[in-house]
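K.L.:
here you go, sequence then predicted model.
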Amino acid sequence: MSSSNFEDLSLDLQTEIVARVASTSLADYFNMKKSCKKIRYLAEEGFVYGKVCLEKIPIDAWYSSNGRISLFINQCLENENPEALFRQAMVEYFCWGEIETATEYVNSAAVLDHHGAAYLLGLMLLFHGEEYKYDGIKMLSTVKKSSCFNGSVPTYRKLLIELLRKTKIQNLDVLYYRPSCCDDRVFHGYCDACFCDFELSYIFNALDRC
Ligand SMILES: [Zn+2]
């Protein structure tokens, strides 16, 4: 990036460019901040925190971190970074058992079109008890049929398993309730409820190994 050409652009456009770089790579975001004072200033804008790519940060940083990482995550949350909100929802729900707070975070992530939000909400509904089972199945089957299923869901499932293995889970529903969605006594092929049981089995396996 030539600094003279960059300086000629409007401030909005400069911020947009910095945000685009930040949204593709966290490493590039931090390298860019070292390049000059002006870019460092732009990189601290709330708009940029809302876009920065967080994939490379381990999920347990949302569970226990301090100093600069914690400050950075908080800035991302305050500026409604969808991935930060989604991860905070997972930690609030599974680790702390803070269902209301988790619901607020996951809903905020959903409003911002985070692809993992419906997946997490579906799982939360299944763990919420028998009366929410149908809603959970419906939500997860929508996720299964969506175009992002093959790309995003394995990523979020992996993230969730990582969280379950690396942190202390204190949500009593998750620890002691084992929802079951399909009646597999009758052979019927592979239904939406079977799919939910399949997704839940990943969680149960991860919990059993803790
Ligand atoms: Zn079934």
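P.N.:
On my side now, so go ahead.
K.L.:
okay, the spatially most central residue of the chain: pLDDT?
P.N.:
For the chain, the residue whose C-alpha lies nearest the mean C-alpha position (C-alpha atoms, centre = their mean) is F86; its distance is 3.3 Å. At F86 the predicted local confidence, pLDDT, stands at 98.
K.L.:
try N150
P.N.:
So N150 comes in at 69 (pLDDT).
K.L.:
what of the one 5 residues further on?
P.N.:
Predicted confidence (pLDDT) at T155: the value is 90.
K.L.:
which residues sit in contact with it?
P.N.:
G116 (C-beta atoms under 8 Å, 6 or more residues apart in numbering). Where C-beta positions appear, they are placed from N, C-alpha and C, glycine not excepted.
K.L.:
so how far is the ion from the residue nearest to the centre of the chain?
P.N.:
Here the distance between F86 and the ion works out to 28 Å (C-beta to the ion, to the nearest Å).
K.L.:
give me the element that residue is part of.
P.N.:
Element membership for F86, per DSSP states H and E: helix 82-90.
K.L.:
likewise for K133?
P.N.:
When secondary structure is defined by DSSP H and E, K133 falls within helix 133-145.
K.L.:
what are the contacting residues of that helix?
P.N.:
With C-beta under 8 Å, 6+ apart as the criterion, helix 133-145 contacts 118-119, 121-126, 128, 149, 153, 179, 181, 192-193, 195-196, 199.
K.L.:
for those, which ChimeraX command selects only the ones that are buried?
P.N.:
Only the buried entries of those go into this ChimeraX selection, using 16 or more other C-beta atoms under 10 Å:
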select :118,119,121,122,123,124,125,126,128,153,179,181,193,195,196,199
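K.L.:
so which of the contacts of helix 133-145 sit within helices?
P.N.:
With helices taken from DSSP state H, the overlap with the contacts of helix 133-145 comprises 118-119, 121-126, 149, 153, 192-193, 195-196, 199.
K.L.:
least confident of those residues?
P.N.:
F149 (66).
K.L.:
helix 117-127 and the helix holding F86, what's the angle between them?
P.N.:
Following axes from the mean of the first three to the mean of the last three C-alpha atoms, to 10 degrees, one obtains 10 degrees for the angle between helix 82-90 and helix 117-127.
K.L.:
which neighbouring elements make contact with helix 82-90?
P.N.:
In terms of contacts (3 or more C-beta pairs under 8 Å, 6 or more residues apart in numbering; DSSP states H and E), helix 82-90 is packed against helix 67-78, helix 99-111, helix 117-127, helix 149-166.
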